[in-house]
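Engineer: task: produce atomic coordinates for the following.
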Amino acid sequence: MRISARVTIPAREIEISAIRAQGSGGQNVNKVSSAVHLRFDIPASSLPEVYKQRLMNLSDQRISSAGTVVIKSQQHRSLERNREEALARLGELVRSVAVTRKKRLPTRATQGSRQRRLDQKKLRGRTKLLRGRGGSHEE
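Structural biologist: Reported below is the predicted structural model:
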């Protein structure tokens, strides 16, 4: 599985097993093992250390404390479609930690924006002041 230009996950590191799906579906669900259980061991994988560390730091319920990613897919009727979806979800999870976020640079409000805010406050205050006077409008 290709994660980026340099990073790939070999198929031998991903353990996929077919299980029976849960829920409604009638005879098909009762007879056919079309759901997929995907297991991926983060510490034993060939991913770069940075990826491993970021994956382990994620607070995702699919990642156990031992570092095993468990993804269950049972959306589709066919085993192959469920297998593809489980692999896609694993790829999405690993790609999410591949992107490094830019550090936010704190900025300050400009002099003009401060002045506009104060002018708006004064205008709003005058409007409210005129409302409460009672004798200023004719009947």
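Engineer: list the contacts for Arg81?
Structural biologist: Residues counted as contacts of Arg81 (CB atoms under 8 Å, 6 or more residues apart in numbering) are Gln75. C-betas here are computed from N, CA, C, even on glycine.
Engineer: got the CA positions of the helix or strand that it is a member of in PDB?
Structural biologist: Element membership for Arg81 (DSSP states H and E) is helix 79-98. Output of helix 79-98 as PDB, limited to C-alpha atoms (Å, rounded to 0.1, in the frame of the first residue of the first chain):
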ATOM      1  CA  LEU A  79     -15.600  -9.600   0.900                       C
ATOM      2  CA  GLU A  80     -13.500  -7.800  -1.700                       C
ATOM      3  CA  ARG A  81     -15.300  -4.500  -1.300                       C
ATOM      4  CA  ASN A  82     -15.000  -4.700   2.500                       C
ATOM      5  CA  ARG A  83     -11.300  -5.600   2.200                       C
ATOM      6  CA  GLU A  84     -10.700  -2.500  -0.100                       C
ATOM      7  CA  GLU A  85     -12.500  -0.200   2.300                       C
ATOM      8  CA  ALA A  86     -10.500  -1.500   5.300                       C
ATOM      9  CA  LEU A  87      -7.300  -0.900   3.500                       C
ATOM     10  CA  ALA A  88      -8.400   2.500   2.400                       C
ATOM     11  CA  ARG A  89      -9.300   3.400   6.000                       C
ATOM     12  CA  LEU A  90      -5.800   2.200   7.100                       C
ATOM     13  CA  GLY A  91      -4.200   4.300   4.400                       C
ATOM     14  CA  GLU A  92      -6.200   7.400   5.400                       C
ATOM     15  CA  LEU A  93      -5.200   6.900   9.100                       C
ATOM     16  CA  VAL A  94      -1.500   6.700   8.200                       C
ATOM     17  CA  ARG A  95      -1.700   9.600   5.800                       C
ATOM     18  CA  SER A  96      -3.300  11.800   8.400                       C
ATOM     19  CA  VAL A  97      -0.100  11.600  10.500                       C
ATOM     20  CA  ALA A  98       2.100  12.100   7.500                       C
END
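Engineer: number of residues surrounding the closest residue to Leu79 other than its chain neighbours?
Structural biologist: Spatial nearest neighbour of Leu79, chain neighbours left out: Ser34 (4.8 Å); criterion: CB to CB, 6 or more residues apart in numbering. When counting by other CB atoms under 10 Å, one arrives at 22 neighbours for Ser34.
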